[in-house]
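Q: Pasting the sequence and the predicted coordinates here, then a few questions.
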Amino acid sequence: MFRETRRLQSPTGANLAFHHVPAGGLPRAILLVSHGLTEHSKRYETFAEAMAGHGFHVYAFDHRGHGETTAPDAPIGRFARRDGVRLVLQDVKAMRDMAAASHPGLPVLLFGHSMGGLIALNAAIDYPESFDALAVWNSNFHPGPAGRAAQAILLAEKALKGSDVPSGLLPKLTFGAWGKSIPGHRTEFDWLSHDRDVVDAYIADPLCGFGASVSLWLDLFELTFRGPKMIGRLPKNLPIHLIGGAEDPATNGGREILWLSEHFRKNGFSNVTTKVWPATRHETLNDTVRARAIAEFAAWAKATIASPAMA
């Protein structure tokens, strides 16, 4: 496990739990890790240690409503009573500023998986001068009519029972449906990975798989539809790394990663790297390709981030 859980008091009022793995050897850059829905930052320890070995100061942190992070308005399963999107993005900026102040002069790369990718792209949009490269893995920014229908369902649930209770329908339409889509599935979470040990550990983890509130789901769809509309705020030469899995039901078999890549291209972005890994489900970092995926990511990061250490 990570050696210790550290704390950062965010200007939003959240007490952010984070883990730091210092760079081995001469530091190249800072890597911030933004985790997915109903999980937490400790699940990224292997990734963090590998990237630290490549010269990155890695900071993995728990978003509000997740893991060990606490906030007066954010119990487990909720970003906030209101303004959740704004607050979760401000928390990312607070983590970035703390890490940058701890390692002056190093470039900052922002990595996000799934929900974390939704957050990462939107944080880069809101604070375009704060990040030198962006990685979005296994995130669906193109849910189409089904996404709009989900928003309507959530608004109906909000009207009937409020926004701060778990959604009754969205888990069935997402996690439940994705689990059933895996041929011969052993558990409802087989859509995460081919690795049985990973799936079993997720199911046994008390900080994973909890009920996300109606308000959290609404915040996620706001991030989903907001991001692609606002990419014009990003520098056109920003290094962007997009990864999907060909067997990931959450991204339509990786097709929504390809859609996002094409969306960037059509909008004039010149430095976008995209790959959909064959025989890989939702958690690329926890599937059978993990070692190769991390190695390719490290090679991309080292090649694209110019730092004083590399000059």
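A: Sure, I can see it.
Q: I'd like to know the phi and psi angles of residue 292, please.
A: Summarising the backbone geometry of residue 292 under the convention degrees, to the nearest 10, its torsions are phi -70, psi -40.
Q: Count the residues that sit near it.
A: The number of residues packed near residue 292 is 11, by other Cβ atoms under 10 Å. In this view, the C-beta of every residue, glycine as well, is placed from N, C-alpha and C.
Q: pLDDT score assigned to it?
A: The predicted local confidence for residue 292 comes out at a pLDDT of 98.
Q: Likewise for residue 21?
A: We note a pLDDT of 97 for residue 21 in this prediction.
Q: cool, residue 310 as well?
A: Looking at residue 310, its pLDDT is 36.
Q: what's near enough to touch the residue nearest to residue 177 when sequence neighbours are not counted?
A: Counting by Cβ to Cβ, 6 or more residues apart in numbering, the nearest residue to residue 177 once its immediate chain neighbours are dropped is residue 249, at 7.4 Å. Counting by Cβ atoms under 8 Å, 6 or more residues apart in numbering, residue 249 makes contact with 177-178, 181-182, 191, 281-282.
Q: Also residue 191?
A: For residue 191, the set of contacting residues under the criterion of Cβ under 8 Å, 6+ apart consists of 175, 178-179, 181-182, 185, 248-250, 281-282.
Q: Pull out the buried members of those residues.
A: The neighbour count (16 or more other Cβ atoms under 10 Å) marks 175, 178-179, 182, 248-250, 281-282 as buried among the contacts of residue 191.
Q: Which of those fall in helices?
A: 178-179 (DSSP state H).
Q: Give me the below-cutoff pLDDT ranges for the stretch 201-311 of the chain.
A: Using pLDDT under 70 as the threshold, the predicted model of the stretch 201-311 of the chain has low-confidence ranges 306-311.
Q: any chance you could map the strands in it?
A: Secondary structure of the stretch 201-311 of the chain by DSSP state E, counting those that start in this stretch: the strands cover 240-245, 272-277.
Q: Good, wrapping up.
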